[in-house]
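*Asks:* would you be able to build a 3D model of this:
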Amino acid sequence: KTAWVTRMENVGQACNSNKRMIVMDDIYDDFVAALVKRATAMSPRQPGDDSPRSYSPMVSRKAAENLLAQVQDAVSKGATLHVGGTLDDGKGAYFAPAVLTGVTPEMRAYREELFGPVAVVYKVSTDDEAVQLA
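*Replies:* Numbers count the residues shown, from 1 in each chain. Predicted structure coming up:
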């Protein structure tokens, strides 16, 4: 829960947001499933809605389009988009909260900050591997 709430603070546009979630292989599948469940339960925030299951638009359409390009680049190179990762039609900047796995060094999502509601989860088997990835 804490990992998701922290990632979604300010729709993932907070500098102190957890950009990479490095998870041990023995809990990885359950962790990803829990994030997917939380992301699936979210909906665009409407006026007067302060529910923790709603999300606000991003700061601008341009920012949302850049995030979409980063996610699409990762998926086109083999990453798995489990949920979300879509941008609303029209002029708005609502970007559906997403969970992305299988990100590798040749993808923009590996090298660039994803400044929006996308949880990138990495699987590791040892503490040393986690430290090296971090």
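*Asks:* any idea which strand is longest in this structure?
*Replies:* Determined from DSSP state E, the single longest strand within the chain is strand 118-124.
*Asks:* which residues does residue 56 contact?
*Replies:* 11, 45, 94 (CB atoms under 8 Å, 6 or more residues apart in numbering). Where you see a C-beta, it was placed from the backbone N, CA and C, and this is true even at glycine.
*Asks:* phi, psi of it?
*Replies:* The phi/psi pair for residue 56 (degrees, to the nearest 10) reads phi -90, psi 170.
*Asks:* and the gap between the residue nearest to the spatial centre of the chain and residue 50?
*Replies:* Against the mean C-alpha coordinate of the chain, by CA atoms, centre = their mean, the closest residue is residue 118 at 1.3 Å. From residue 118 across to residue 50, the span is 23 Å (CB to CB, to the nearest Å).
*Asks:* again, but for residue 61
*Replies:* Residue 61 sits at a distance of 24 Å from residue 50 (criterion: CB to CB).
*Asks:* what about those two, which has more around it?
*Replies:* residue 61 (17 against 6; other CB atoms under 10 Å).
*Asks:* right, and the more buried one touches residue 92 too?
*Replies:* Yes: between residue 61 and residue 92 there is a contact at 7.2 Å, judged by CB atoms under 8 Å.
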